[in-house]
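Participant: generate coordinates for the sequence data below:
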Amino acid sequence: MSKNIAVFFGGVSGENEISIITGTMACNLLKRAGCAVLPVYITQSGDFLCGDNLADIKNYSGGKIPLSPRACFAKGGIYVLSKRGKPKKYLPVYCALNCCHGGWGEGGGISGLCLAMSIPLASAGAFESSALIDKYLTKILMKGLGVPTVEYLYLRDTGGATDVKDFPVMVKPARLGSSIGVVKADNTAQLTDALQAAFALDTAVLVERYISDRREINCAAYFADGKIVTSPCEEVFGGDILSYDDKYSDSGKRVFPAHIPQQQQEYIRSVTAKVYSALCMRGIVRFDFIIEGEKVYLSEINTVPGSLSHYLLSGNFKEFENILSSLISQAVEDDKNIGSKMLVNTGIINNFVSNACKIK
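Facilitator: Numbers count the residues shown, from 1 in each chain. Purely as a prediction, here's the structure:
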């Protein structure tokens, strides 16, 4: 495969740095698989940059942004811009991969951009991205699908704190990932502080019942070659919450495959496949569950999981290269299928006289 694969990463998000890790990993794996890769880094200020040097993670050390030309998009590809901001070179894109964590990058922006520009995308689509980045909308969707979630209260301002009667609780910004802003509150004073901090980061907040005796289980899925593939389950460990450091600084512990009853593992994988199928998902998606005794709750759904969940789906990077290649092939096939559908023109405009829409 030698056609251009655009890899999006970074973004206007607090998870920009984590996205650099995922994006540069994907770039280099695709290069090793023989692909022509176009790294597209999105800065926290929203600039799109495109250049080979963006695939080297060393170039971001010390918070630096590598010097690369800005880019913009046209149908079917990317324009690299001159220093004056004028289109300099057009690069056709065969397929794109979204490695943006959080923000509008994961929340449907990249999916919508690729859809509008007729670029096949080997990642989650616009609907599931924009809906599932929101923990509140996720709960609404899961209720419709009959999938249990933890009891919660949805707040748009701090005034709702008086409705919380039972402690402890978990406070979660509705649209942030990587445990950013997630705090356990044991009393009203802690809840007030946690809500103020959460509302400084987001416009809406969930307050969930805290489950002390819990197990946190992850399962990933993707669609390729006409079928849904689910991973074995993983158990992750942290303190009161699975923090940012637990996830990314090797302070957390993981057990893979998880040491849980076979019946629970089968249930989690079946729910993962059920939701993935019902929402017509694409790309690699990670589903996070909580086990409380014999009860299993779906906690969150990540449409751009950290490191693309390669550690759940493959035994080594060579196997994961093959998965990425399969996802690209599936995306191109899906795009051809969509493009083959008819567009209807009714001719209704012919019923209007020439001055019908003029305003006097």
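
Participant: which of the residues in stretch 334-354 are buried?
Facilitator: 334-335 (16 or more other Cβ atoms under 10 Å). Just so you know, the C-beta spots here come from the backbone N, C-alpha and C atoms, and that holds for glycine as well.

Participant: alpha carbons of that stretch, as PDB, please.
Facilitator: Extracted C-alpha coordinates of stretch 334-354, given in PDB (Å, rounded to 0.1, in the frame of the first residue of the first chain):
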ATOM      1  CA  ASP A 334     -17.300   1.700   2.900                       C
ATOM      2  CA  ASP A 335     -16.500   5.000   1.100                       C
ATOM      3  CA  LYS A 336     -17.100   3.400  -2.300                       C
ATOM      4  CA  ASN A 337     -20.300   1.900  -1.100                       C
ATOM      5  CA  ILE A 338     -21.600   5.300   0.100                       C
ATOM      6  CA  GLY A 339     -20.400   6.900  -3.100                       C
ATOM      7  CA  SER A 340     -22.400   4.400  -5.200                       C
ATOM      8  CA  LYS A 341     -25.700   5.600  -3.800                       C
ATOM      9  CA  MET A 342     -28.000   7.800  -5.900                       C
ATOM     10  CA  LEU A 343     -28.600  11.500  -5.200                       C
ATOM     11  CA  VAL A 344     -32.100  12.500  -6.000                       C
ATOM     12  CA  ASN A 345     -33.100  15.700  -7.800                       C
ATOM     13  CA  THR A 346     -36.800  16.200  -7.800                       C
ATOM     14  CA  GLY A 347     -37.000  19.100 -10.200                       C
ATOM     15  CA  ILE A 348     -39.200  21.000  -7.700                       C
ATOM     16  CA  ILE A 349     -37.200  24.200  -8.300                       C
ATOM     17  CA  ASN A 350     -38.700  24.300 -11.800                       C
ATOM     18  CA  ASN A 351     -42.100  25.100 -10.200                       C
ATOM     19  CA  PHE A 352     -40.800  28.500  -9.000                       C
ATOM     20  CA  VAL A 353     -41.000  31.600 -11.100                       C
ATOM     21  CA  SER A 354     -37.700  33.600 -11.600                       C
END
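
Participant: which residues touch that stretch?
Facilitator: Under the contact criterion Cβ atoms under 8 Å, 6 or more residues apart in numbering, stretch 334-354 has outside partners 118, 120, 282.

Participant: switch the cut-off to 6 Å
Facilitator: Here stretch 334-354 makes contact (Cβ atoms under 6 Å, 6 or more residues apart in numbering) with Pro120.

Participant: tell me the mean pLDDT for that stretch?
Facilitator: Average pLDDT, stretch 334-354: 88.

Participant: stretch 158-166 too?
Facilitator: Stretch 158-166 shows a mean pLDDT of 86.

Participant: neighbouring contacts of that stretch?
Facilitator: With Cβ under 6 Å, 6+ apart, stretch 158-166 has contacts from 191-192, 195, 207.

Participant: any stretches of the protein with poor pLDDT?
Facilitator: Within the chain, the stretches with pLDDT under 70 are 1-2, 178, 239-252, 356, 360.

Participant: show me the contacts of stretch 158-166 that map onto helices.
Facilitator: Among the contacts of stretch 158-166, the members found in helices (DSSP state H) are 191-192, 195.

Participant: those, buried ones only, as a PyMOL selection?
Facilitator: Applying 16+ other Cβ under 10 Å to the ones in helices among the contacts of stretch 158-166 leaves a buried subset, and the PyMOL line that selects it is:
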select buried, resi 191+195
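
Participant: quick one: which of the ones in helices among the contacts of stretch 158-166 is nearest Gln265?
Facilitator: Nearest to Gln265 among the ones in helices among the contacts of stretch 158-166: Leu191, at 34.9 Å, using Cβ to Cβ.
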